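Colleague: predicted model and sequence follow; I will ask about them next.
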Amino acid sequence: LVVPNDLVFDRHDGFYFTDTGGPSRSGNPGAVYWAKADGSEIRRLADIAAANGVVLSPDHRRLFVASTQTIIAFDVIGAGRLATDATGTALGRLFASIPAGRLDSMAEEADGGLVIGTILPGQLTSFDRHGNLRGTLPFPPEKAVTSVGFGDTAGRRSGWRRASGGGTGPGGPITGGPSA
């Protein structure tokens, strides 16, 4: 492991996590892993350059991993297991992408969509469950919206974001709505 980053817990007493990797010359471009919560097992599941945000779909049947300007989707077929081809390589497919900026941490929405902290231009980017851009929510003058999460007692209707790089400080509640 070079730079362990984000994680998401599954229903099997384990969790998926990303390692953003190191410089290309390091031989470790990044990956997504699964580990048992007690630390007794760790599996490298797929190599993904600059792997960052990671989240499971609400039904835990798909795993999404952010990598710079793309989100890769994998089918989950068991505890810490992704669908693979005949050679054992995980079958990831492009779920969504952005033309500029850098995707960071993400959270799943109740309808299966994703919200992703986006560095430069400093916004949240929202995709529907099919990977179509739903909209963006900028936080000027922030340059690095790095994390997003949902949670409250009213059915995950409150959102929180973390930002760095100027402006309003370390984060706070999400107000407003996506703009298309």
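Modeller: Done, it's in. Residues are numbered from 1 along each chain as shown.
Colleague: distance check, residue 55 against residue 17.
Modeller: 11 Å (Cβ to Cβ, to the nearest Å). Where you see a C-beta, it was placed from the backbone N, CA and C, and this is true even at glycine.
Colleague: residue 102 and residue 69 touch, don't they?
Modeller: Yes. At 6.9 Å, residue 102 counts as touching residue 69 under the criterion of Cβ atoms under 8 Å.
Colleague: between those two, which one's more packed in?
Modeller: Ranked by neighbour count (other Cβ atoms under 10 Å), residue 102 and residue 69 place residue 102 first, with 18 against 15.
Colleague: and the residue lying closest to the more buried one once chain neighbours are set aside, what pLDDT?
Modeller: Residue nearest to residue 102 in three dimensions, not counting chain neighbours: residue 119, with 4.3 Å by Cβ to Cβ, 6 or more residues apart in numbering. Residue 119 is assigned a predicted lDDT (pLDDT) of 89.
Colleague: so what's residue 119 up against?
Modeller: Residue 119 sits next to 101-104, 143-146 when contact means Cβ atoms under 8 Å, 6 or more residues apart in numbering.
Colleague: quick check on it: phi, psi?
Modeller: When read as degrees, to the nearest 10, the backbone of residue 119 gives phi -80, psi 140.
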